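>>> Build me a structure from this.
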Amino acid sequence: MRNVILMALLWSFITMNTHSSEEILIIDVRTIEEWNKGHINAAKHIEWQVISEKIFDLTSNFDSEIYLYCRSGNRSGKAKKILDDIGFTNVINAGGKEEASIMIDRIMQNVNDKFYSP
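Numbers count the residues shown, from 1 in each chain. Take a look at the predicted model:
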């Protein structure tokens with residue numbers, strides 16, 4: 001049920017907002033060992049414990065749309081709280097890798113539909 005609600009909320013968020021792929025940042029907050037076993041292609045890697053220092057290597061825009069994921073959603077939830085606390089305004093805990101992959105595929109399809117349609 002939680003996943004259904006999450007997906008419904010995400011879909012309403014997607015359809016309400018205009019995205020460009022340059023505004024979307026996907027971050028895998030798992031360990032380097034987990035990252036090396038497989039990750040979402042468009043993702044960057046920052047372990048959750050160091051995200052407050054390393055995020056600025058990727059963006060200085062506090063309004064950037066940032067999707068975080070890990071194995072289960074726990075560490076990405078911790079990373080979201082850290083980014084929220086330092087002033088980022090558009091951080092989404094995308095949950096586990098599989099959930100995040102589905103969510104991000106839908107977002108990227110929406111981006112393509114809005115900006116690259118004939």
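>>> If Ile66 is in a bridge, with which residues?
Leu25, Val91 (DSSP bridges).
>>> and stretch 32-45, how far from the chain's centre?
13 Å (CA atoms, centre = their mean, to the nearest Å).
>>> got the CA positions of it in CSV?
Coordinates of the C-alpha atoms in stretch 32-45 are reproduced here as CSV (Å, rounded to 0.1, in the frame of the first residue of the first chain):
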residue,chain,number,x,y,z
ILE,A,32,31.1,1.8,-2.6
GLU,A,33,30.9,-2.0,-2.5
GLU,A,34,27.1,-1.8,-3.1
TRP,A,35,27.6,0.8,-5.8
ASN,A,36,30.2,-1.5,-7.6
LYS,A,37,27.7,-4.4,-7.6
GLY,A,38,25.3,-2.3,-9.7
HIS,A,39,23.6,1.1,-9.7
ILE,A,40,21.2,3.2,-11.7
ASN,A,41,23.0,4.4,-14.9
ALA,A,42,22.4,8.1,-14.4
ALA,A,43,23.3,8.1,-10.7
LYS,A,44,26.2,9.7,-9.0
HIS,A,45,27.7,8.1,-5.8
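>>> list the buried ones in that stretch?
Across stretch 32-45, burial judged by 16 or more other CB atoms under 10 Å covers 34-35, 39-40, 43-44. Bear in mind the C-beta positions are built from the backbone N, C-alpha and C, glycine included.
>>> So what touches it?
25-28, 30, 47, 58, 69, 71, 97, 100-101, 104, 108 (CB atoms under 8 Å, 6 or more residues apart in numbering).
>>> Need the mean per-residue confidence for that stretch.
Predicted confidence along stretch 32-45 averages 96 (mean pLDDT).
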